[in-house]
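Visitor: I'll drop the sequence and a predicted model, then ask my questions.
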Amino acid sequence: MIRFENVTKTYAGQSRAALDDVSLEVEKGEFVFLVGASGSGKSTFLRLVLREARPTHGKVYVAGKEINRLAGWKVPGLRRQIGTVFQDFRLLPNKTVTENVAFALQVIGKPRSHINKVVPETLELVGLEGKGNRMPDELSGGEQQRVAIARAFVNRPMILIADEPTGNLDPNTSVGIMKLLDRINRTGTTVIMATHDAGIVDQMRKRVIELSGGHIVRDQSRGVYGYQH
Ligand SMILES: Nc1ncnc2c1ncn2[C@@H]1O[C@H](COP(=O)(O)OP(=O)(O)OP(=O)(O)O)[C@@H](O)[C@H]1O
């Protein structure tokens, strides 16, 4: 589903590479934790998958396509296949829960009848049935993250990227969010999650890829968080 071949990314004006000769493969349906100290290259990895950053050397393949060679007009189509969830939720504050999720489908031109069917289904999947008319500021942090996950998943993307999704949540709420990401993963969606949350990684026992200074220093199936801050 995702393949990196000798990928190096050096940002303009930087002498050190943010990612340095990284090669790896993530299969369809895998759940992968990306761990490593601040600045180790996790976000750069995720940005390369979304083609928000371009490799300086090497090749990034998503679903069999080398995405650096994708024509510019095809990039929105690529990103439509990849749901994204962030630490800070990024909901539209002036739209209801239902509108936030529906908006993701409106902007890609889905018909109203389809939207009216799948938005309530997705809100139920994430455990927000009955809360569709709330505004984001009327929800707890955990509920807001569920809205963000519903929005990321409503189009049934092949990949879900989560960058520190539990970073603003307490441990109990985080467990609920992880159960939800696990459920989404079990529908066949490949999940890649960057995190500093040792408790979560140790509990889930999924594949763990550790970055340090832009290098992969560990790639372990059913792994643990494993390094100290
Ligand atoms: N736009 C940019 N321009 C220049 N350097 C950058 C840019 N983005 C990231 N870097 C550098 O690249 C390296 C890797 O950063 P990256 O954001 O990928 O790390 P990270 O592992 O995601 O960190 P964190 O856990 O703090 O989010 C760092 O040295 C960072 O300073």
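Guide: Looks like it came in fine. Numbering: from 1, shown residues only.
Visitor: show me the strands in this structure, by range?
Guide: Along the chain, counting by DSSP state E, strands occupy 2-9, 19-26, 31-35, 57-62, 65-66, 82-86, 159-163, 190-194, 207-212, 215-220.
Visitor: contact partners for the nearest residue to R90 once chain neighbours are set aside?
Guide: Spatially, and ignoring its direct neighbours in sequence, R90 is nearest to A148 (6.5 Å; C-beta to C-beta, 6 or more residues apart in numbering). (C-beta placed from N, C-alpha, C; glycine too.) Residues in contact with A148, defined by C-beta atoms under 8 Å, 6 or more residues apart in numbering, are V85, F86, F89, R90, L91, P165.
Visitor: could you identify the buried members of those?
Guide: V85, F86, F89, L91, P165 (16 or more other C-beta atoms under 10 Å).
Visitor: tabulate these (CSV), appending pLDDT and distance to G72.
Guide: Below are the buried ones among the contacts of A148 laid out as CSV (pLDDT from 0 to 100; distance: C-beta to C-beta, whole Å):
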residue, pLDDT, distance to G72
V85, 97, 25
F86, 95, 24
F89, 95, 29
L91, 97, 28
P165, 96, 29
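Visitor: let's have the residues you listed in CSV, adding distance to V35.
Guide: Formatted as CSV, the buried ones among the contacts of A148 follow (distance: C-beta to C-beta, whole Å):
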residue, distance to V35
V85, 17
F86, 17
F89, 22
L91, 27
P165, 14
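Visitor: if we only consider the residues you listed, which is nearest to G214?
Guide: G214 has its nearest neighbour among the buried ones among the contacts of A148 in F86, at 21.8 Å by C-beta to C-beta.
Visitor: can you redo the contacts of A148 as a markdown table with distance to the ligand?
Guide: Listed next are these as a markdown table, based on distance: C-beta to the nearest ligand atom, whole Å:
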| residue | distance to the ligand |
| --- | --- |
| V85 | 14 |
| F86 | 11 |
| F89 | 17 |
| R90 | 16 |
| L91 | 21 |
| P165 | 13 |
